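J.: Build me a model:
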Amino acid sequence: MLPGMHKPSTDPLLLTLPEVAEILRVNENRAADLARRGLIPIVRLGRQIRVSRAQLDQFVASGGRALPGGWKRQAEPNQAA
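T.: Residues are numbered from 1 along each chain as shown. Below is the predicted model:
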């Protein structure tokens, strides 16, 4: 390595949703849902979604955000006639 050059970090700057899911210890569908709802900060690269490692760490350190309406879904009214 030449003098004055920085050694590349082994930690990626941007994470994929499967990597985010592993870090948050949730399944990939939940990580995608959190990203889609805007609850975790995302970076769009065309149609691909990535998450900044630094922003994810800050999100977790700040306690995250609650799901709108709580974690339980309301029961759908029965449509049977």
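J.: Residues in contact with stretch 15-31: which ones?
T.: The contact list for stretch 15-31 (CB atoms under 8 Å, 6 or more residues apart in numbering) reads 12, 32, 34-35, 40, 49-53, 56, 60. From N, CA and C alone the C-beta is placed, and that goes for glycine too.
J.: How far off centre is it?
T.: Put simply, stretch 15-31 sits 7 Å off its chain's centre (CA atoms, centre = their mean, to the nearest Å).
J.: tell me which residues in that stretch are buried?
T.: Residues 15, 17, 19-21, 24, 31 are the ones in stretch 15-31 that count as buried (16 or more other CB atoms under 10 Å).
J.: hey, where'd the helices end up in this structure?
T.: 17-24, 28-36, 53-61 (DSSP state H).
J.: With only the CA atoms kept, save the last one in PDB.
T.: Provided in PDB are the C-alpha atoms of helix 53-61 (Å, rounded to 0.1, in the frame of the first residue of the first chain):
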ATOM      1  CA  ARG A  53     -24.400   0.900   8.400                       C
ATOM      2  CA  ALA A  54     -23.800   4.100  10.300                       C
ATOM      3  CA  GLN A  55     -27.500   5.200  10.100                       C
ATOM      4  CA  LEU A  56     -28.700   1.700  11.100                       C
ATOM      5  CA  ASP A  57     -26.300   1.800  14.100                       C
ATOM      6  CA  GLN A  58     -27.700   5.300  15.000                       C
ATOM      7  CA  PHE A  59     -31.300   4.100  14.500                       C
ATOM      8  CA  VAL A  60     -30.700   1.200  16.900                       C
ATOM      9  CA  ALA A  61     -28.900   3.400  19.500                       C
END
